[in-house]
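S.K.: one predicted model, sequence on top.
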Amino acid sequence: MEELEPVKFTEYEKNLEAPIISRLATPFSVNHRDKDGRSAWFYFCTKTIPHVLNSKVTGKSAYLANILSILVQNGAATAYEQATDDEAPALLVSATLESVNDNTDDDDSHAAILAEFLLDAICTSIDIGMMIKHPKIVELLIWSVLDAQKPLLRKLLELGVDVHAKCDFHRFGVFYQDESAMDNAIEGEVDLEILSMLLIRAQPNQIPTVKKGKLQPRHFDLLMHSKRAHSESHSRLKSFEALLEAGLDPDARSSNLVTAAMVAASAGSVEALQMLARFRADFTLVNKDGWTVVHHAMAAGQVSVLKYLRHKLMKDEDWSRRVSVTLGPGGPLTQSRYFNWTLTHLAAYKSDSDVLQFLKETDLLGDVDTRDQEDITPLHVAVCSITTATTKWLIDNGANVNARYGVQDNRALHVAMRLGRLENSLALIEAGADFAANSIGVTPEMQVHMSIRTGLLSMLPQLGLPIPPTVYEVLKRDHKLQSTGGLFRAITSGNLEMCHYAMKELPELPQTINSCGDCTPLIVALAWQQPNIAKLFLEHGASTTGIPCQVVQKRGVCFDSALNIAVGNPSFNPILEQILERSLEYEMHWTQNPRLWMPLHLAAAFNPDAIEILLSHVFKYSECFRSRLERNPGGHRGGYTFLDELLECRAPISPKGTNPWYVPGGTALHTAAIRNKPKAVEILLGCNLDIDVKDTYGSTALHYSAVRGHIGVTEKLLERGANFRTLNYKGASPLMTAARSRATGRDVMSCLTSLEPNRLSEDLEGQTALHYAALGGNLKSFIHLLDAGWDPYQLDEKQRSPLECSLCSTSLTSYVYARYFDFAHMISISSEPHPISQFPNLLGLRLFCKWLPRVSRLRWLNTVSTVGDTPLIRAAEMGHVGFMKIHIEAGADLEIVDRVGHTALIAACRTGRLPVIAYLVHQGAKMEYTHESCIMNALRSAIGHPEIVRWFLVDRWTAQDKLTNSVSNPEKTEKQWAGIRTVQIPLCGGFERPMGVSLFAYTRDLHRFSREGWRRIVPLAWDTIAHLVLLPEEL
């Protein structure tokens, strides 16, 4: 079977008939495994099936079925299962489906042949009755659904494969995760017969599943067909009806509480709504914004749906419900969230006069000037559109063109001109809209968008209406700051005079600075550290809202809001209270933000004086935050206030590999400690914050100040009563963590060691502060603790002493050897030695072997450790030739084996360490030996590393020097290469060394003679064979 793929099947098909294969397939041959452990079953699934399917012959399915039957009868499937942990049918299905995915042709016969073959296999040859939950069988069910292989699908369902079982699979290069047959039937738009086959065995409560990364159930997609062909839409509706008939809940909801009826209403499908009504769907359900099916139809402008719903929902309260709406940029206000909107507001925003006409004809329009929470009328919404249909309809039906809204009393003309809606502006002016100023003295023409300035100048005279002359003057005025680019330059350069001029000429600040993304003028002033300009903007009503652009965010730490930029810079403290007051005027106050921890932590890290300003502000408006405590009632002590909650608020856990300025999982006190801010620590402790409060990892502020070597903060915490014995969740005290950090100075260590009377205190792993200093490579702390009385020989839970841990560090290694410490305790005579910590360099290992007593050294080198190896074997596996040389020089045995019977050479072969292998073979390591009746062979162990196999068979012979080019050295410790013999030759006669000739000159002459053939040096009667030097194996 292995050779079937490279053979041209069309030439040899007559020789591969079933009788021939039946003779070849004996119980012995099908059970035989090749050098890679693969049997006939493996090659049949992975080689034969793809090759036959890609060939140009007939009867492929029958041919494969015959081979399968022969293999199964001779035990091939059973043999495969016994040799592996997998099921034989699983491999068959996997290989078959992979061949389908690899087929790039659009020929459906390929899949049909496979389905026929698999169906025949399941019915006659293989038993999958005990495998119906196997992922590959589930994948086969999904494939049969998507490829419409109905006979195979019917058989799998009869066997009981679960239509809701999920698996991961690839299909035509796309990876699908956690999918079921039912999921794919709904999404894959299969025909109704296949869907019905699945629904018979489906559980209704498991049908409305949500695809990963999506918000709504899969079956909602069947209703989104407003842009599809009629036949396709009808087919999808039939599938949806089949789901309802199978028991699908018609009121199943998405994560934002949207129902199928709402989706159908948005899509304009009256037929789908009628279908849902037959199954008693509730059309009065609301989503998270309070929307019913009516609001969805209204927002989508589906008049036909609204007419149908009017007959189903006769009560006026179903049409008078007010809802909240989230709009994109370009609304009446700068905010995106609006509340208490009516259906008229929605229709006006949709710019659909037909919907408004429907509301009027059905007596549902109500007051055309109805107002929302901000006094916004439908006309204020309509003028935001680029079309004039709804604006003119509302005006024609009596809308007040001069209605005011918001805290600034803006009018519809303010909105239209600010957004650059020329046609709507002209329509309002024609209807009698005046150019009156709002509450802060800004008239509509003062904030007109630059894009319609020219259009207004040309169109206003044509209206034939009396326009105030000041309007033309403002429109014609050539400002020095017509564009916000000039304002941006003035702010960033600190030109306060130019900014004053801009405030005079532009009574209302522009919402954004075009030259800086979507940044507001206030954000630009704060980001470029211009406190005077920021104060000027605040005096002119600047808002604290807005999100800084990417350029601004890269200018500093947490430049993600106006407040955070100000809190992190002490130069803004004089206006910080004003910024905090201004933030109260908007919906999302910083204390209500999910990142409410940020301002206080920023102040603790960079601006301690801002802490008092922030806390005073929170205390002043504490009544505003009562609702937050109501949402977090449990687990708080008596008298717990929002101020307490804010002080104890923790920073989030940061991703691995990042180095944040705060303490992940810590409070503001932890941040102040790690940033070395004694004043911030003093202020926070003055608010009755627990001085020993722990972060997510159980560490206190004292842990962090000690580990960073901040003596000022450390002394402040100890002075205020911090517990120096507090342990983190690893059982480490502040002294231990400080000892490990190289940032810790002698002053911090002296301060903490003077308070610690117990020199034997340990963490959860039995490690002392001296262990921590050794593991951290902190020489100063290591010396300090030794001088203070810490025991260098105390063992931890892994039987390691601080001395052993110190061998990992180059700086500590030299010190401990210079102190002549005794290392014999590291090698136990009564038990297996544990592996010594990794040495930092060759010198460290050489010194260790030198200072270790000989008995202990040999036991360490030649005894299998607790982890099952020896130092030589470990060095061989890691490829450290230098370490191996030192081990061998110190007395390591080349042929000692680890727990599984591997020598250093075998271990190097298995891990592909060619330099190590060459060195060990040079040293005479055995290439083959027997261990517990098993033959260990180096060449066989190197299978999988072609370069090593080549070296064994070729390179180790061709790469070595010729004997005639090598100088004899009887003192050389390396043994001769296995397989190469040397011969002793007497140098006499003309080749004898003459008197007075140096050895160098004599050797050079011999070398010259040997170039022409070394045999001419040998006496003719000399018995070469008798004087061959024995090989190492023959000694």
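M.R.: Nice, I can see it.

S.K.: tell me the gap between stretch 268-286 and the middle of its chain.
M.R.: In terms of C-alpha atoms, centre = their mean, to the nearest Å, the centre of stretch 268-286 is found 41 Å from the chain centre.

S.K.: what's the end-to-end length of that stretch?
M.R.: Counting by C-alpha to C-alpha, to the nearest Å, you get 18 Å between the two ends of stretch 268-286.

S.K.: what's the mean pLDDT across it?
M.R.: Stretch 268-286 carries an average pLDDT of 90.

S.K.: which residues touch it?
M.R.: 223, 225-226, 233, 237, 240-241, 244, 250-251, 253, 257, 259-261, 264-265, 292-294, 297, 300, 302, 304-305, 308-309, 312-313, 318, 321 (C-beta atoms under 8 Å, 6 or more residues apart in numbering). C-betas here are computed from N, CA, C, even on glycine.

S.K.: for it, buried residues please.
M.R.: By neighbour count on 16 or more other C-beta atoms under 10 Å, the buried set for stretch 268-286 is 268-270, 272-273, 275-277, 279, 281, 283, 285-286.

S.K.: same check, this time on stretch 739-754
M.R.: 739-741, 744-745, 748-749, 751-753.

S.K.: same thing with stretch 138-150?
M.R.: 138-149.

S.K.: turn those into a markdown table, columns for pLDDT.
M.R.: Listed next are the buried residues of stretch 138-150 as a markdown table, based on pLDDT from 0 to 100:
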| residue | pLDDT |
| --- | --- |
| Val138 | 84 |
| Glu139 | 84 |
| Leu140 | 85 |
| Leu141 | 84 |
| Ile142 | 82 |
| Trp143 | 82 |
| Ser144 | 83 |
| Val145 | 83 |
| Leu146 | 82 |
| Asp147 | 80 |
| Ala148 | 80 |
| Gln149 | 82 |
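
S.K.: which ones among the buried residues of stretch 268-286 map onto helices?
M.R.: 270, 272-273, 275-277 (DSSP state H).

S.K.: how many neighbouring residues does Cys988 have?
M.R.: Neighbour count for Cys988, taken as other C-beta atoms under 10 Å: 10.

S.K.: ok, it touching Pro1019?
M.R.: Yes. Using C-beta atoms under 8 Å, Cys988 is in contact with Pro1019, at 7.2 Å.

S.K.: ok, back up a step: how about the buried residues of stretch 138-150, which pair is most distant?
M.R.: Farthest apart among those by C-beta to C-beta are Val138 and Ala148. That separation is 17.8 Å.

S.K.: first-to-last residue distance for stretch 931-947?
M.R.: End-to-end for stretch 931-947, by C-alpha to C-alpha: 26 Å.

S.K.: where in the stretch 201-350 of the chain is pLDDT low?
M.R.: For the stretch 201-350 of the chain, applying pLDDT under 70 flags the ranges 211-213, 225-232.

S.K.: switch to 50 and redo it
M.R.: The stretch 201-350 of the chain contains residues with pLDDT under 50 at 226, 228.

S.K.: the stretch 751-900 of the chain now?
M.R.: In the stretch 751-900 of the chain, residues with pLDDT under 50: 829-830.

S.K.: all the helices of it, in order from the start?
M.R.: 769-775, 779-787, 802-806, 810-818, 842-851, 854-862, 871-878, 881-889 (DSSP state H, counting those that start in this stretch).

S.K.: and for the stretch 51-200 of the chain?
M.R.: 60-73, 76-83, 88-102, 109-120, 135-146, 150-159, 181-187, 192-200.

S.K.: angle of the third one against helix 135-146?
M.R.: Relative orientation of helix 88-102 versus helix 135-146 (axes from the mean of the first three to the mean of the last three C-alpha atoms, to 10 degrees): 40 degrees.

S.K.: what packs against helix 88-102?
M.R.: For helix 88-102, the packing partners by 3 or more C-beta pairs under 8 Å, 6 or more residues apart in numbering; DSSP states H and E come out as helix 40-43, helix 49-53, helix 76-83, helix 109-120, helix 135-146, strand 166-171.

S.K.: next, format these as CSV and append distance to Ser385.
M.R.: Formatted as CSV, these follow (distance: least, C-beta to C-beta, whole Å):
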stretch, distance to Ser385
helix 40-43, 67
helix 49-53, 59
helix 76-83, 69
helix 109-120, 51
helix 135-146, 44
strand 166-171, 44
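
S.K.: to Asp869, which of the ones you listed lies closest?
M.R.: The nearest among these, by C-beta to C-beta, is helix 76-83 at 28.9 Å.

S.K.: okay, buried residues for the closest one please.
M.R.: Per 16+ other C-beta under 10 Å, helix 76-83 contains these buried residues: 76-77, 79-81.

S.K.: got it, and stretch 31-38?
M.R.: Neighbour count says stretch 31-38 has 31, 38 buried, by 16+ other C-beta under 10 Å.

S.K.: ok, stretch 378-396 next?
M.R.: Buried residues in stretch 378-396 (16+ other C-beta under 10 Å): 378-385, 388, 390-395.

S.K.: can you show me the CA trace of it as CSV?
M.R.: Below are the C-alpha coordinates for stretch 378-396, written out as CSV (Å, rounded to 0.1, in the frame of the first residue of the first chain):
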residue,chain,number,x,y,z
PRO,A,378,-38.4,65.6,15.7
LEU,A,379,-37.4,68.7,13.6
HIS,A,380,-34.1,69.0,15.5
VAL,A,381,-33.4,65.4,14.4
ALA,A,382,-34.7,65.8,10.8
VAL,A,383,-32.3,68.7,10.0
CYS,A,384,-29.3,66.5,10.8
SER,A,385,-30.0,64.6,7.5
ILE,A,386,-28.5,65.5,4.2
THR,A,387,-32.0,65.3,2.6
THR,A,388,-34.9,67.6,3.2
ALA,A,389,-37.9,65.3,2.9
THR,A,390,-38.7,64.9,6.6
THR,A,391,-37.7,68.5,7.4
LYS,A,392,-40.2,69.9,4.9
TRP,A,393,-42.9,67.4,5.9
LEU,A,394,-42.6,68.4,9.6
ILE,A,395,-42.7,72.1,8.6
ASP,A,396,-45.7,71.6,6.5
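
S.K.: circling back to that earlier point, which ones among the buried residues of stretch 378-396 map onto helices?
M.R.: Per DSSP H, the buried residues of stretch 378-396 map to helices at 378-382, 390-395.

S.K.: now those residues as JSON lines including pLDDT and distance to Asn573?
M.R.: JSON lines is the format used below for these (pLDDT from 0 to 100; distance: C-beta to C-beta, whole Å):
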{"residue": "Pro378", "pLDDT": "92", "distance to Asn573": "45"}
{"residue": "Leu379", "pLDDT": "93", "distance to Asn573": "45"}
{"residue": "His380", "pLDDT": "92", "distance to Asn573": "39"}
{"residue": "Val381", "pLDDT": "91", "distance to Asn573": "41"}
{"residue": "Ala382", "pLDDT": "91", "distance to Asn573": "45"}
{"residue": "Thr390", "pLDDT": "91", "distance to Asn573": "49"}
{"residue": "Thr391", "pLDDT": "92", "distance to Asn573": "48"}
{"residue": "Lys392", "pLDDT": "92", "distance to Asn573": "53"}
{"residue": "Trp393", "pLDDT": "92", "distance to Asn573": "53"}
{"residue": "Leu394", "pLDDT": "92", "distance to Asn573": "49"}
{"residue": "Ile395", "pLDDT": "92", "distance to Asn573": "51"}
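
S.K.: want to throw the residues you listed into CSV with distance to Leu803?
M.R.: Conversion of those to CSV gives the following (distance: C-beta to C-beta, whole Å):
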residue, distance to Leu803
Pro378, 83
Leu379, 85
His380, 80
Val381, 78
Ala382, 83
Thr390, 85
Thr391, 86
Lys392, 91
Trp393, 90
Leu394, 88
Ile395, 91
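
S.K.: which one of these is nearest Asp86?
M.R.: Val381 (63.6 Å).

S.K.: surely the closest one meets Tyr349?
M.R.: Yes. When contacts are counted by C-beta under 8 Å, Val381 is listed as touching Tyr349 (4.8 Å).

S.K.: so who does the nearest residue to Pro608 once chain neighbours are set aside touch?
M.R.: Of all residues not flanking Pro608 in the chain, Ala680 sits nearest, at 3.8 Å (C-beta to C-beta, 6 or more residues apart in numbering). By C-beta under 8 Å, 6+ apart, the contact set of Ala680 is 603-605, 608, 611, 668, 672.
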